[in-house]
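Asks: here's my sequence, what's the structure:
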Amino acid sequence: MDKLHLPGESIGIIGGGQLGQMMAASAKEKGFKVLVLDPTPNCSAAQVADEQIVAEYSDLPALIKLAKQVDVLTYEFENVDAEAIATVKQYTDVPQGTSALVVTQNRIREKNFLAEHGFPVVEHHIIQSKAEFKTSLEKMGMPAILKTVEGGYDGKGQLRIEDENYSKDFADELLESGICILEKQIDLYKEVSVVISGNKNGEQSIFPVIENEHERNILHISNCPAMIKPETQAKCLEVAEQIAKELHLVGTMCIEFFISTDHEVFVNEIAPRPHNSGHLTIESCNVSQFDTHILGVCNWPMPKVKLFSSALMVNLLGQHIYRAKKKIQDHVEWYFHDYGKGLAKPDRKMGHITILTDEIEATKEAIDKDPIWRKE
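Replies: A predicted model of the protein is given here:
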């Protein structure tokens, strides 16, 4: 049996954003001491942790310092340096390892991994020059999406190409930044995600399929259960379980899917960490995605997930947060989460609201009409 970590021990978290904050809250609830490494003083996670090391994620001496002070180490985002993680493994237990990080940090490696294991992906071409881009776009046709191979989140580093009026300057900017990938845009019915967690003993906790809607490439609303065919749900869950098994999943991971109008399922991306769409599990399930992450990295038994109530989550970005705070007294049904970030910049994730409801569509309509989330 692999190492078991018990209350009273210390957990280190690389990254101090809202995911780290909710990880830390779950760990503290279970009796662990929590240390966070993040370059921002009093970051979101530090507000609920015991200590913070203020340092850049690439600061190897600081990472080693963190590793020496904790019994087990985890991370809240996928852009942590995999080589640094491999180095600090000699100082502490890093049960997640680096295999999932290495695969998911690069879109080409991710697509190759998925294709090699028979998981469904959309048509895509690797682009290394402007000439290749032009040839591939002509062959693939529009609409398509041009993406950088590394980095990028919430739509950053991506260009949607709907027709000939796409931004040629931005396409050139992406192509000049390095290798890109061009993906065929399918006739999209819905976007969904599956959150799954595992421990070193191979046990898994898998959450029901979550349906997602985006505004300007940023997640706006998630609801669970997803309103899709039972056989489509079953396919998503099956693929997620197999991906988790192939990546030797420890902790929490999210697999994002595209569903076409003829109900085909395609894997979009893999996030080797808790995910924005899974926040609603805090109130709607017997365990949250953050609970199962901590259970997984500490090698505790993995529980069967029970959905207590259907739920909807809506993100609060910088342009929403102040309007939403003023309305708290009018909404007893809101589970309001504020991440404690200082500066409310437009499109910055500042918090979220979860609503337990049996009337998902009616609740979505109410949010669409609410001036809190008016289109800017």
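Asks: and the pLDDT for residue 376?
Replies: Residue 376 carries a pLDDT value of 63.
Asks: do the same with residue 151
Replies: pLDDT, residue 151: 71.
Asks: hey, where'd the helices end up in the stretch 151-300 of the chain?
Replies: 168-177, 230-246, 281-284, 289-297 (DSSP state H, counting those that start in this stretch).
Asks: just those helices: most buried one?
Replies: Among these, helix 289-297 has the highest mean neighbour count (mean count of other Cβ atoms under 10 Å), at a mean of 27. (Glycine included, C-beta is placed from N, CA and C.)
Asks: what sits up against that one?
Replies: 5, 11, 19, 22-23, 25-27, 30, 32, 72, 74, 95-96, 195, 197-199, 205, 207, 249-252, 254, 273-275, 278-279, 281-282, 287, 301-303, 305 (Cβ atoms under 8 Å, 6 or more residues apart in numbering).
Asks: domain assignment for the protein?
Replies: The record assigns the chain these domain ranges, following automatic domain parsing: 10-94, 123-184, 188-373.
Asks: including distance to residue 116, could those domains go into a markdown table?
Replies: What follows is the domains of the chain, written out as a markdown table (distance: least, Cβ to Cβ, whole Å):
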| stretch | distance to residue 116 |
| --- | --- |
| domain 10-94 | 19 |
| domain 123-184 | 14 |
| domain 188-373 | 9 |
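Asks: of all the ones you listed, which one is nearest residue 113?
Replies: domain 188-373 (7.7 Å; Cβ to Cβ).
Asks: how long is the closest one end to end?
Replies: With Cα to Cα, to the nearest Å applied, domain 188-373 spans 24 Å between its terminal residues.
Asks: same question, stretch 57-74
Replies: 13 Å.
Asks: buried residues, it. List them.
Replies: 57, 59, 62-67, 69-74 (16 or more other Cβ atoms under 10 Å).
Asks: quick one: the helices of the stretch 151-300 of the chain as a markdown table, columns for distance to residue 269 too.
Replies: Formatted as a markdown table, those follow (distance: least, Cβ to Cβ, whole Å):
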| stretch | distance to residue 269 |
| --- | --- |
| helix 168-177 | 17 |
| helix 230-246 | 11 |
| helix 281-284 | 19 |
| helix 289-297 | 16 |
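Asks: same list (the ones you listed) but as JSON lines, adding distance to residue 213 and mean pLDDT.
Replies: What follows is the helices of the stretch 151-300 of the chain, written out as JSON lines (distance: least, Cβ to Cβ, whole Å; pLDDT from 0 to 100):
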{"stretch": "helix 168-177", "distance to residue 213": "24", "mean pLDDT": "90"}
{"stretch": "helix 230-246", "distance to residue 213": "17", "mean pLDDT": "97"}
{"stretch": "helix 281-284", "distance to residue 213": "17", "mean pLDDT": "98"}
{"stretch": "helix 289-297", "distance to residue 213": "19", "mean pLDDT": "98"}
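Asks: out of those helices, which is closest to residue 326?
Replies: helix 281-284 (22.2 Å).
Asks: packing partners of the closest one?
Replies: Packing partners of helix 281-284 (3 or more Cβ pairs under 8 Å, 6 or more residues apart in numbering; DSSP states H and E): strand 334-338, strand 349-356.
Asks: which one of the buried residues of stretch 57-74 is nearest residue 182?
Replies: Nearest to residue 182 out of the buried residues of stretch 57-74 is residue 57 (Cβ to Cβ; 29.5 Å).
Asks: tell me the SS of the closest one?
Replies: Secondary structure for residue 57, judged by DSSP: H, G, I helix; E, B strand; the rest coil, is coil.
Asks: look up how far residue 103 lies from it.
Replies: Going from residue 57 to residue 103 by Cβ to Cβ, to the nearest Å gives 19 Å.
Asks: who's sitting farthest from the centroid in this protein?
Replies: Largest separation from the mean C-alpha position in the chain: residue 131, at 33.4 Å (Cα atoms, centre = their mean).
Asks: part of a strand, is that one?
Replies: No: counting by three-state DSSP, residue 131 is not part of a strand but helix.
Asks: do you know how far it is from residue 141?
Replies: From residue 131 across to residue 141, the span is 18 Å (Cβ to Cβ).
Asks: tell me if I'm right that residue 130 and residue 175 touch.
Replies: Yes: contact criterion Cβ atoms under 8 Å: residue 130 and residue 175 qualify, at 5.5 Å.
Asks: format the helices and strands packed on helix 281-284 as CSV; extra columns: distance to residue 239.
Replies: Conversion of the helices and strands packed on helix 281-284 to CSV gives the following (distance: least, Cβ to Cβ, whole Å):
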stretch, distance to residue 239
strand 334-338, 30
strand 349-356, 26
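Asks: this completes my enquiry, with thanks.
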